[in-house]
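1. Got a predicted model here, sequence first, then my questions.
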Amino acid sequence: MLPIQTNHSEHKFTILCIDDETSNLKILSTLLRGDYQVIASKQASEGLAKAIETQPDLILLDVVMPEISGFELIVQLKNHPNLHNTPVIFITGLQSPADEAMGLKLGACDYIHKPFNASIVLARVKTHLEIVRQRRLLERYANIDTLTELPNRRKWDLDTAERIKVYKPHPELSFVGIIDIDHFKLYNDRYGHQKGDTVLRKVSNQIAQYLHAFGGHLYRCGGEEFFFFLPTTQETSIEKLLQGCLQAVRALALEHEDSPTAPIVTVSIGVATCSFANAAEVNSALNQADQLLYQVKHSTRNDYCCNVQLQNS
Ligand SMILES: Nc1nc2c(ncn2[C@@H]2O[C@H](COP(=O)(O)OP(=O)(O)OP(=O)(O)O)[C@@H](O)[C@H]2O)c(=O)[nH]1
């Protein structure tokens, strides 16, 4: 590995250059380092390892290299779960239309001939990084609930799919749960929707922060309904943890004079164990959590119900 540039500015895009010619790497680095963080590699296999390790924003890739060609390497890059979206620009002496077509067919976003023109390289790099920026922005907005700024239902589905993908049998189970604000219609009716929105933000952010401390994640999945994922809790029992969650909401002391449950805003929680073995298992766990939430809603509210005791008995 040849570290050409050492500016670690957080806001700079990172570009990985893979080329077996040191002189090419030096020219590219000099060209790019004013605006970008540049990482360089002289070997394809080392370049792949660097790509996996550093997750660059863009890769400039030579084609003719000893060991592994750029055409072979791009296939590996595109098959890697964390790199398949990373744009790759071929920068090569291979000039034939057939080679160029092959490079683009294999997934490169662009193809630049050597000897290259510096302004054209800079312009094309800039264009592709702008596309990266816009794609990330779109992904962000597609996955976030704008009122609470929490991940939304779509993100829940994506994360669930990811958890299923990395599933490994584990003696300890994780948990999925549903949290619902009590008598929220009455809150809106009494205080108005704008104050209702504020309560949604405060309560959900309080819970999200609380769960985060235990490795959990909260998602807004409906009006005043939130899903959560909680990994196996080693230090604290699930009961204690859920009690703490209810208490965290009560500690906000948000007035709710019309609530038959308490003079403050409270929540109810249904929780079920879940191993994330497959989608059917997650759906079944969510259904259980929903039924358990229903039980709480039809008894005291401001409480939780979990299937752990049932499983242990
Ligand atoms: N302010 C505000 N209210 C919302 C939002 N989304 C849903 N709601 C309100 O949430 C309320 C949900 O009412 P219900 O489903 O009857 O539930 P609830 O009144 O909380 O009753 P329980 O769940 O049985 O305790 C409705 O009045 C919706 O209008 C939102 O984004 N902002």
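-> Everything's here; your move.

2. Endpoints of stretch 111-126, how far apart?
-> One end of stretch 111-126 sits 14 Å from the other (CA to CA, to the nearest Å).

3. Buried by neighbour count: which residues of it qualify?
-> Tyr111, Ile112, Phe116, Val121, Arg124, Val125 (16 or more other CB atoms under 10 Å). C-betas here are computed from N, CA, C, even on glycine.

4. Lowest pLDDT pick from those residues?
-> Taken together, those show their lowest pLDDT at Phe116, with 94.

5. I'd say that residue and Phe90 touch.
-> No: counting by CB atoms under 8 Å, Phe116 does not reach Phe90; the two are 10.9 Å apart.

6. Find the nearest non-adjacent residue to Asn24, please.
-> Among residues not flanking Asn24 along the chain, Asp62 sits closest, at 7.1 Å (CB to CB, 6 or more residues apart in numbering).

7. OK, contacts around that neighbour?
-> Ile18, Asp19, Asp20, Glu21, Asn24, Gly70, Phe90, Ile91, Thr92 (CB atoms under 8 Å, 6 or more residues apart in numbering).

8. What mean pLDDT does stretch 182-191 get?
-> 98.

9. What of stretch 216-235?
-> So the average pLDDT for stretch 216-235 ends up being 89.

10. do stretch 266-279 as well
-> Across stretch 266-279, the average pLDDT comes to 94.

11. Likewise for stretch 45-61?
-> On average, the pLDDT along stretch 45-61 is 97.

12. That one spans what distance, first to last residue?
-> 12 Å.

13. Write out the residues of the stretch 51-200 of the chain neighbouring the ligand.
-> Residues of the stretch 51-200 of the chain lying near the ligand by CB under 6 Å from any ligand atom: 147, 180-186, 188, 193, 196-197, 200.

14. quick one on the thing from earlier: show me which of the buried residues of stretch 111-126 is closest to Val38.
-> Val125 (10.7 Å; CB to CB).

15. So the closest one versus the ligand, what's the distance?
-> According to CB to the nearest ligand atom, to the nearest Å, Val125 and the ligand sit 42 Å apart.

16. my read: that residue touches Ile89, true?
-> Yes: using CB under 8 Å, Val125 is in contact with Ile89, at 7.1 Å.

17. Between those two, which contacts overlap?
-> In contact with both Val125 and Ile89: Leu58, Leu60, using CB under 8 Å, 6+ apart.

18. which residues sit in contact with the residue nearest the centre of the chain?
-> For the chain, Asp159 is the residue whose C-alpha lies nearest the centre (CA atoms, centre = their mean; 7.3 Å). Asp159 makes contact with Pro151, His217, Tyr219, Phe229, according to CB under 8 Å, 6+ apart.

19. What ranges does the stretch 1-150 of the chain have for its helices?
-> For the stretch 1-150 of the chain, the helices defined by DSSP state H, counting those that start in this stretch occupy 22-32, 44-54, 70-79, 97-105, 118-143.

20. Near the residue lying closest to Gln288 once chain neighbours are set aside, how many residues? Count them for me, please.
-> Spatial nearest neighbour of Gln288, chain neighbours left out: Ala272 (3.8 Å); criterion: CB to CB, 6+ apart. Neighbourhood size, Ala272 [other CB atoms under 10 Å]: 26.

21. And Leu58, by the same measure?
-> 23.

22. Spit out the contact partners of it.
-> Counting by CB under 8 Å, 6+ apart, Leu58 has contacts Phe13, Thr14, Ile15, Leu16, Thr86, Pro87, Val88, Ile89, Val125, His128, Leu129, Val132.

23. ok, it to Leu83 distance?
-> Distance, Leu58 to Leu83, using CB to CB, to the nearest Å: 11 Å.

24. next one: Phe90
-> According to CB to CB, Phe90 stands 16 Å off from Leu83.

25. Buried only: go through the contacts of Asp62 for me.
-> Of these, these count as buried by 16+ other CB under 10 Å: Ile18, Asp19, Asp20, Asn24, Gly70, Phe90, Ile91, Thr92.

26. so what pLDDT did the nearest residue in space to Thr266 that is not next to it in sequence get?
-> Distances taken as CB to CB, 6+ apart place Asn302 nearest to Thr266, at 3.8 Å, with adjacent residues excluded. We have a pLDDT of 98 for Asn302.

27. any chance of the buried ones among the contacts of Asp62 in JSON lines, with pLDDT too?
-> Output for those, formatted as JSON lines (pLDDT from 0 to 100):
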{"residue": "Ile18", "pLDDT": "98"}
{"residue": "Asp19", "pLDDT": "97"}
{"residue": "Asp20", "pLDDT": "96"}
{"residue": "Asn24", "pLDDT": "95"}
{"residue": "Gly70", "pLDDT": "98"}
{"residue": "Phe90", "pLDDT": "98"}
{"residue": "Ile91", "pLDDT": "97"}
{"residue": "Thr92", "pLDDT": "96"}
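
28. out of those, which are inside strands?
-> Judged by DSSP state E, the subset of the buried ones among the contacts of Asp62 located in strands is Ile18, Phe90, Ile91, Thr92.
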